[in-house]
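*Asks:* Got a sequence here, can you model it:
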Amino acid sequence: MAIIKCPECGREISENAPFCPSCGIKIAQNIKRCPECGTISLLNSDLCPHCGYPFKQASDTPNEKEHTAIHDNSAYNPNSEEPKQDIKSKKKWIIGIVAAVIIIIIGGTIIYMQSSWQAQDEEEMAYQNLTNDTNISDYEDFLTNYPDSKYKTDVQNRMNTLKAQNDKWLSICLSGSKNDFIQFMNEFPSSPYELQCKTKIDSLDWMDAKRLNTPDAIQRYLEEHPDGKYIVEAQKMQTTINDKKVEPQEEDFIHSTMVQFFTALGTNDKTAACANISPIMTNFLQKKDAKKADVIAAMDQMHPESITSMQFIVNSDFVINKTKVTNGYNYSVKFSVDQNIVRTDEGKTFASYTVSAELTPQFKISALKMTEISNR
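*Replies:* Take a look at the predicted model:
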């Protein structure tokens with residue numbers, strides 16, 4: 001009993017086995033041996049699978065070929081396994097090629113997906129970078145780089161708004177009108193130029209407050225711009241203005257002092273006159289560093305025997321300024337007085353004067369100058 005290889009699957013089996021235990025193909029009475037190469041093949045094979053020998057053209061009868069295949073051990077070729085080995089090798093190559101193609105497809109798919117994900121990440125990052133961007137070219141670059149982006153419409157709208165803002169800002173940035181900047185902020189809320197608008201409004205309001213230079217104007221600036229650029233300067237100016245503001249009580253004291261002094265000057269009441277002046281006056285009717293004695297001497301000259309009476313009427317056109325000093329305030333006063341004279345000789349009986357006077361913190365006259373503006 002000879003051992004052969006199953007022509008179907010290549011398993012070693014007995015030539016007398018009824019069937020191959022591996023593939024189930026019939027063996028007994030169903031095989032033949034090629035007379036050329038000795039390869040075992042199925043009985044119905046037309047050609048030898050190894051050398052291509054044509055069985056139908058052979059001169060031997062089928063029974064003879066079968067007998068030869070079964071009993072002629074001397075013709076057995078041990079290389080009869082080579083066809084099956086070639087088939088197995090080809091199958092392995094095919095399987096390898098298919099596997100390689102599958103790997104390439106899977107790898108390409110993964111690479112494509114990774115590339116797609118990376119592109120999406122880059123697009124998302126580019127979009128996020130535009131959040132506070134005011135550079136129009138960055139928006140244009142985004143639309144160029146991502147023409148099919150889901151953010152395309154939003155980016156275009158923001159870019160158009162930014163262009164409109166830029167054009168509007170260029171048209172008003174040098175304006176001296178506060179309303180222009182207020183309207184801009186109303187038209188473009190939360191604009192990149194909002195801080196610049198507020199800065200311009202702050203500057204314009206401060207310029208207006210300085211021009212008016214009144215307590216109300218300064219106070220209005222302080223209330224409207226509590227964190228303004230000029231807040232410190234405004235506070236200093238407010239203090240200065242308040243220091244210069246003459247209170248009603250101060251006006252009353254100054255007016256009373258001047259009325260008392262000129263009443264005494266007209267009645268030649270030296271005691272009352274001296275009670276309203278400082279011990280030394282820097283200037284009294286062009287007399288520098290005048291003492292009370294100098295004032296009394298001047299009053300005597302104003303009242304010769306020919307003048308029977310004299311009256312000074314202090315008008316209410318006071319202009320008062322005050323200056324802060326160590327112990328309070330000094331006061332500068334300008335006003336007018338009218339003089340009526342009754343006399344026995346020829347001479348003027350009426351005169352008008354402008355008066356400039358300085359008063360101490362105690363409301364004492366420290367300087368006085370009279371300039372005649374008319375007489376008759």
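
*Asks:* which residues of the stretch 51-200 of the chain fall in helices?
*Replies:* 62-71, 82-128, 136-145, 152-172, 178-187, 194-212 (DSSP state H, counting those that start in this stretch).

*Asks:* quick check: mean pLDDT across stretch 260-274?
*Replies:* Per-residue pLDDT over stretch 260-274 has a mean of 97.

*Asks:* Let me see the contact set for the most centrally placed residue in the chain.
*Replies:* Nearest to the mean C-alpha position of the chain, counting by C-alpha atoms, centre = their mean, stands Pro192 at 5.7 Å. Pro192 makes contact with Asn132, Thr134, Leu162, Gln165, according to C-beta atoms under 8 Å, 6 or more residues apart in numbering. Using the backbone N, CA and C atoms, a C-beta is placed for each residue, glycine as well.

*Asks:* So that I can see them in PyMOL, could you write out a selection of the buried residues among the residues you listed?
*Replies:* The PyMOL selection below is limited to those of the contacts of Pro192 classed as buried (16 or more other C-beta atoms under 10 Å):
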select buried, resi 162+165
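
*Asks:* Buried residues, stretch 321-329. List them.
*Replies:* Using 16+ other C-beta under 10 Å as the test for burial, stretch 321-329 gives Lys322, Tyr329.

*Asks:* Quick one: residues contacting Pro7.
*Replies:* By C-beta under 8 Å, 6+ apart, Pro7 lies in contact with Ile25, Ile31, Ile40, Ser41, Leu42, Ser45, Pro49.

*Asks:* Could you find the closest non-adjacent residue to the second one?
*Replies:* Nearest residue to Ile31, sequence neighbours excluded (C-beta to C-beta, 6 or more residues apart in numbering): Ile40, at 5.6 Å.

*Asks:* so the one you found sits right up against Ile4, yeah?
*Replies:* Yes. Between Ile40 and Ile4 there is a contact under C-beta atoms under 8 Å: 5.0 Å.

*Asks:* Neighbour count: those two, which is higher?
*Replies:* Per other C-beta atoms under 10 Å, whichever of Ile40 and Ile4 has more neighbours is Ile40, with 25 against 20.

*Asks:* Would you mind putting the contacts of Pro192 into a markdown table with pLDDT alongside?
*Replies:* Below are the contacts of Pro192 laid out as a markdown table (pLDDT from 0 to 100):
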| residue | pLDDT |
| --- | --- |
| Asn132 | 80 |
| Thr134 | 79 |
| Leu162 | 90 |
| Gln165 | 90 |
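
*Asks:* Please produce TSV containing the contacts of Pro192, extended by distance to Tyr146.
*Replies:* Output for the contacts of Pro192, formatted as TSV (distance: C-beta to C-beta, whole Å):
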residue	distance to Tyr146
Asn132	19
Thr134	20
Leu162	18
Gln165	23
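
*Asks:* Among the contacts of Pro192, find me the one that's closest to Cys9.
*Replies:* Distances from Cys9 to those, taken as C-beta to C-beta, are shortest for Asn132 (74.7 Å).

*Asks:* show me the contacts for the closest one.
*Replies:* Per C-beta under 8 Å, 6+ apart, neighbours of Asn132: Pro192.

*Asks:* Please report how far it lies from Thr199.
*Replies:* Noted for Asn132: a distance of 19 Å to Thr199, by C-beta to C-beta, to the nearest Å.

*Asks:* same question, Phe318
*Replies:* From Phe318 to Thr199 the distance is 42 Å (C-beta to C-beta).

*Asks:* try Ser22
*Replies:* Counting by C-beta to C-beta, the gap from Ser22 to Thr199 is 95 Å.

*Asks:* If you count contacts, what does the helix or strand hosting Ile241 end up packed against?
*Replies:* When elements are assigned from DSSP states H and E, Ile241 belongs to helix 231-244. When contacts are defined as 3 or more C-beta pairs under 8 Å, 6 or more residues apart in numbering; DSSP states H and E, helix 231-244 sits against helix 194-212, helix 215-224, strand 319-325.

*Asks:* could you give the angle of it to helix 215-224?
*Replies:* Interaxial angle of helix 231-244 relative to helix 215-224 (axes from the mean of the first three to the mean of the last three C-alpha atoms, to 10 degrees): 150 degrees.

*Asks:* How about residues contacting the next helix or strand after helix 231-244?
*Replies:* As assigned by DSSP H and E, the chain's next helix or strand after helix 231-244 is helix 248-267. The contact list for helix 248-267, computed with C-beta under 8 Å, 6+ apart, reads 246, 269-273, 275-277, 299, 302, 310-312, 314, 316, 318, 320, 322, 329, 331, 333, 335, 337, 339, 355, 357, 359, 363-365.

*Asks:* Sitting in helices, which of those residues do you find?
*Replies:* Mapping these onto helices (DSSP state H) picks out Lys270, Thr271, Ala272, Ala273, Ala275, Met299, Met302.
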